[in-house]
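K.L.:
just coords:
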C-alpha cells in the first residue's frame, strides 16, 4: 500500500504518450491524493497533492505528449483538473489525519487490552514440579484480546489445580464474570481441601457477586467449567466437571475423553438445581497429558460446515510436548476454519514427567489401570 501512489504515477506516465490527444490520461492524477491517504500521513498527502498538480501542468504544457503540436497548460479543462486535484488533496489530507488519529486510538486500546489480558489470563508457568504446562487463547474478534473463555493453573499443597471455563455470552459482562470467577478460584484453590468444596466456593462467590450487582443479567450469567487436580504424591488426576466439554487424556497409544456421565450443572446454576459435585478419579501415568479446552475448539467449522474433529486430530499428530501441541493446535484451527473463527477458544494442557528418583507408586484404591473404578 505504501508504494501504490508511486506505481500509479508510473502507470500514468507510461499511458500518457501512447493515448490519443482526446484522452488526457493525466486527468486521473486527481485520485493520487486519495491513494496516498490510505497508507501515509497528512504531510505526505499534501506533498502528493502538490506533486500531482505540478505533474498535470507539465503533461498539459508539453506539446509532444499524446502527439500534440501545442501545449494546453491553461486550457479550461486542465485548469479545472488542477482545481479538482487540489480539492481532492485537501479532503485526502483531512482523511489521512483522521486515519492516523484512529490508528493511534486503536493502538492505545490494544495496549490496554493486552495489559487487561495479562491480569485476567496470566501466562501459566512452563513447569510446576513434575508437570509441563502450556496454554492457548484465540479470540474470534480480530481486534479483541480478552473474552469469556478462561483458564488457570495454581500450585497448592494438595497438588496442581487446573481450571478451564467458558462464560455464557460475550462482551464486557462476560469479561467481568470471568474476572470474578478467576479471582475466586485463585483464592480458594489454596484453602479448600477437595475439588467439590473448591467448586462450591467459586459458585458461592459468583452468586454473591450477582446479588451485589443486582438486575437480571448477572443472575442469568453462568459458566461451564472443569476443575482438575494433579497431586504430587499419586499418579492420578481428579476431575470435577460443571457442564463443560470433558477433558482429553492423551497417551502414546490412545486419546480418550474423561467422562463418566456425572457432570454437574454449570456454575451459578448448581445452587438452583441442588445437584452435588462429583469427583472422578483417573490414572495419570508419567508421559500422560491432560488437555482441557473450551467448546470454541470443537465447534470450529470448515467452509463446508463440518465441526473440528479434535480427538482424531490429536491421534494423527501423535505425542507432542505441551508447547508444541498448543502451537500445532493453534495453526490447525486457523487452517481448518480458513482464518474465520466463530467463537473464542481456550486450551490448557499438562504433561506428567517421569520422576527418576523413585518408581511410580501404585494407583490408589478404587482406580484400575484403565482409569475406571474397580
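P.N.:
Looks like it arrived, so ask away. Bear in mind that the values here come from a model prediction, so they are computed numbers and not experimental data.
K.L.:
elements contacting whichever helix or strand residue 110 is part of?
P.N.:
Using DSSP states H and E, residue 110 falls within helix 76-120. For helix 76-120, the contact count by 3 or more Cβ pairs under 8 Å, 6 or more residues apart in numbering; DSSP states H and E identifies helix 32-37, helix 42-61, helix 171-188 as packing neighbours. Placement of C-beta: from N, CA and C, glycine included.
K.L.:
okay, the ones you listed, which one's buried deepest?
P.N.:
helix 32-37 (a mean of 25; mean count of other Cβ atoms under 10 Å).
K.L.:
follow-up on the earlier one: any idea how far the helix or strand just after the helix holding residue 110 is from the chain center?
P.N.:
Using DSSP H and E, the helix or strand that follows helix 76-120 in sequence is strand 127-128. Here the centre of strand 127-128 is set off from its chain's centre by 24 Å, with Cα atoms, centre = their mean, to the nearest Å.
K.L.:
other SSEs contacting strand 127-128?
P.N.:
For strand 127-128, there is no helix or strand it packs on, judged by 3+ Cβ pairs under 8 Å, 6+ apart.
K.L.:
List the pairing partners of the next helix-or-strand element following it within its sheet, with orientation.
P.N.:
Using DSSP H and E, the helix or strand that follows strand 127-128 towards the C-terminus is strand 131-138. Next to strand 131-138 in the sheet, as set by DSSP bridges, lie strand 127-128 (antiparallel), strand 345-352 (antiparallel).
K.L.:
Mean neighbour count, the ones you listed: which tops it?
P.N.:
Among the strands paired with strand 131-138, ranked by average contacts under mean count of other Cβ under 10 Å, first place goes to strand 345-352 (a mean of 25).
K.L.:
picking that back up, turn the strands paired with strand 131-138 into TSV, including distance to residue 253 and mean pLDDT.
P.N.:
Output for those, formatted as TSV (distance: least, Cβ to Cβ, whole Å; pLDDT from 0 to 100):
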stretch	distance to residue 253	mean pLDDT
strand 127-128	25	94
strand 345-352	15	94
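K.L.:
can you list those strands in a markdown table and add distance to residue 13?
P.N.:
Output for those, formatted as a markdown table (distance: least, Cβ to Cβ, whole Å):
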| stretch | distance to residue 13 |
| --- | --- |
| strand 127-128 | 62 |
| strand 345-352 | 50 |
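K.L.:
closest to residue 181 out of these?
P.N.:
Nearest of the strands paired with strand 131-138 to residue 181, taken as Cβ to Cβ: strand 345-352 at 13.0 Å.
K.L.:
Now do that closest one: distance to the chain's middle.
P.N.:
Taking the mean of its C-alpha atoms, strand 345-352 sits 16 Å from the chain's own mean (Cα atoms, centre = their mean).
K.L.:
pLDDT weak spots in this protein?
P.N.:
For the chain, applying pLDDT under 70 flags the ranges 19-24, 61, 63-73, 113-119, 140-147, 170-171, 209-220, 270-275, 355-374.
K.L.:
Measure how far stretch 245-260 is from the centre of its chain, please.
P.N.:
25 Å.
K.L.:
just stretch 126-134 next, same as before
P.N.:
Relative to its chain's centre, stretch 126-134 lies at 23 Å (Cα atoms, centre = their mean).
K.L.:
list the buried ones in it?
P.N.:
Within stretch 126-134, the residues that qualify as buried are 128, 131, 132, 133, 134, counting by 16 or more other Cβ atoms under 10 Å.
K.L.:
what's the first-to-last distance across it?
P.N.:
6 Å (Cα to Cα, to the nearest Å).
K.L.:
And the contacts of it?
P.N.:
124-125, 153, 155, 160, 230, 232, 321-323, 325-326, 348-355 (Cβ atoms under 8 Å, 6 or more residues apart in numbering).
K.L.:
Tell me which stretches of the stretch 251-374 of the chain form strands.
P.N.:
Using DSSP state E, counting those that start in this stretch, the strands of the stretch 251-374 of the chain run over residues 254-257, 280-283, 289-293, 345-352.
K.L.:
Now render these as CSV, adding distance to residue 339.
P.N.:
Output for the strands of the stretch 251-374 of the chain, formatted as CSV (distance: least, Cβ to Cβ, whole Å):
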stretch, distance to residue 339
strand 254-257, 26
strand 280-283, 36
strand 289-293, 20
strand 345-352, 13
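K.L.:
residues contacting residue 343?
P.N.:
Listed by Cβ under 8 Å, 6+ apart, the contact set of residue 343 reads 140, 295, 296, 299, 300.
K.L.:
is it true that residue 285 touches residue 354?
P.N.:
No - in this structure residue 285 lies outside contact range of residue 354 using Cβ atoms under 8 Å: 9.1 Å.
K.L.:
Roughly how far does the residue lying closest to residue 59 once chain neighbours are set aside sit from residue 16?
P.N.:
Nearest residue to residue 59, sequence neighbours excluded (Cβ to Cβ, 6 or more residues apart in numbering): residue 26, at 4.1 Å. Residue 26 sits 6 Å away from residue 16, going by Cβ to Cβ, to the nearest Å.
K.L.:
tell me, what's touching those two both at once?
P.N.:
Joint contacts of residue 26 and residue 16 (Cβ under 8 Å, 6+ apart) are residue 59.
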